[in-house]
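Participant: how would this look folded up:
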Amino acid sequence: MTLYTVRKGAGEPLVLIHGIGHHWRAWEPVIDLLAAHHDVIAIDLPGFGRSPAPAENHGMPSAVEALAAYFAEAGLDRPHVAGNSLGGAIALELAAAGHARSVTALSPAGFCTPAQVRRALSILRGHRVGAFTPAPLLKVFYRTGFGKAFSFGWLVRNPGVLTAERALADTLALRGGRGFGAVARHGRAYTFTADPGVPVTIAWGSRDRIFLPVQAGVARDRLPGARHVTLDGCGHVPMSDDPALVAGVILRTTAAARRMDRLEVD
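Facilitator: The predicted structure is shown next:
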């Protein structure tokens, strides 16, 4: 499967993976900051953005298989990986399968109780229903602060940072995400239980309203060897709330992997 990607910068490859219903532009606020240090590849997951939906979707195994195949096709030998929400869980699973050199997971899926998963998915499904509002109305709606707050207040702490164009693009990506149903269905039973085996940072927005910050404690207990960070004042999609903070967290993780590689060589 051919995945749509946006690539910028030079250096060690760093792959960025968005969450359910989103697209590569989730990472737009941080790409330039990261591209000053890395060859940055932001992807559209299968069935989202401009990437085609797979003929069959078996949940997390399908996502990991598709990304691993893309890495091989693109000549990416264990790149650094950062992911948000669903993308964070995929990043961790890629590492556990031996396909990633380091992982930064921002509010990753896989650390919820069943009730917390149902709550998160119900909120996101509600957002998707609203995404089918006619585009001309959305264009007008997103020119107002109320419109952006109403539609994006669950996802980012400060929806006002989104331009009207970006808000519309994100909404249309959610509307057109053909993989949403299958991913949501499989996600209800998903839990991360593997060992990533590489430098890992788990970062959680202190104002996350989708995956509540209490889940960060579960991640801390389950992955005691990881670095755990609180993103003060950030929501579920922290790249928009504080690009510099998020980029710094990712770059510290990739730097840790380089230090580990040097120690192994020595």
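Participant: what's the closest non-adjacent residue to R7?
Facilitator: I41 (5.0 Å; CB to CB, 6 or more residues apart in numbering). Where C-beta positions appear, they are placed from N, C-alpha and C, glycine not excepted.
Participant: the particular helix or strand that has the one you found in it packs against which elements?
Facilitator: Per DSSP states H and E, I41 falls inside strand 39-43. Applying 3 or more CB pairs under 8 Å, 6 or more residues apart in numbering; DSSP states H and E, we find strand 39-43 packed against strand 5-9, strand 13-17, helix 28-35, helix 60-74.
Participant: including mean neighbour count, distance to A53 and mean pLDDT, could those go into a markdown table?
Facilitator: What follows is the helices and strands packed on strand 39-43, written out as a markdown table (neighbours: other CB atoms under 10 Å; distance: least, CB to CB, whole Å; pLDDT from 0 to 100):
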| stretch | mean neighbour count | distance to A53 | mean pLDDT |
| --- | --- | --- | --- |
| strand 5-9 | 16 | 17 | 98 |
| strand 13-17 | 26 | 17 | 98 |
| helix 28-35 | 20 | 23 | 98 |
| helix 60-74 | 18 | 11 | 96 |
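Participant: coming back round to it: the residue nearest to R7: neighbouring residues, count only.
Facilitator: Other residues near I41 come to 25 when the count uses other CB atoms under 10 Å.
Participant: ok, it to G153 distance?
Facilitator: Computed as CB to CB, to the nearest Å, the I41 to G153 distance reads 30 Å.
Participant: so what's the residue nearest to R7 bridging to?
Facilitator: R7, V15 (DSSP bridges).
Participant: helices along the chain, start to end?
Facilitator: 28-35, 60-74, 86-96, 114-130, 135-141, 145-152, 164-176, 180-187, 214-222, 238-241, 243-265 (DSSP state H).
Participant: distance from the chain centre to the first one, please.
Facilitator: Its chain's C-alpha centre and that of helix 28-35 lie 14 Å apart, by CA atoms, centre = their mean, to the nearest Å.
Participant: next, the angle helix 243-265 makes with that helix.
Facilitator: Angle, helix 28-35 to helix 243-265, by axes from the mean of the first three to the mean of the last three CA atoms, to 10 degrees: 40 degrees.
Participant: what's the angle between helix 28-35 and helix 164-176?
Facilitator: Using the same axes, to 10 degrees, helix 28-35 lies at 100 degrees relative to helix 164-176.
Participant: list the helices and strands helix 28-35 packs on?
Facilitator: strand 5-9, strand 13-17, strand 39-43, helix 238-241, helix 243-265.
Participant: outside of it, which residues touch it?
Facilitator: Defining contact as CB atoms under 8 Å, 6 or more residues apart in numbering, one finds that helix 28-35 is touched by 6, 8-10, 14, 16, 40, 42, 166, 239-240, 243-244, 246-247, 250-251.
Participant: and the contacts of the lowest-mean-pLDDT helix or strand in the chain?
Facilitator: One helix or strand of the chain scores below all others by mean pLDDT, DSSP states H and E: helix 243-265, with a mean of 90. Taking contacts as CB under 8 Å, 6+ apart, the residues outside helix 243-265 that touch it are 12, 14, 29-30, 33-34, 37-38, 80, 82, 101-104, 106, 198-201, 203, 227, 229, 231, 234, 238-239.
Participant: likewise for stretch 130-150?
Facilitator: S151, P159, G160, L162, A164, A167, L168, T171, L172, L174, R175.
Participant: which members of those residues are the farthest-apart pair?
Facilitator: Greatest spatial distance among the contacts of stretch 130-150 (CB to CB): G160 and R175, at 22.5 Å.
Participant: which one's more surrounded, the two?
Facilitator: Ranked by neighbour count (other CB under 10 Å), G160 and R175 place R175 first, with 18 against 11.
Participant: relative to H23, how far out is that one?
Facilitator: To H23, R175 is 11 Å away according to CB to CB.
Participant: cool, and P54?
Facilitator: 16 Å.
Participant: which one's more surrounded, the two?
Facilitator: Applying other CB under 10 Å to P54 and H23 shows that H23 carries more neighbours, namely 26 against 17.
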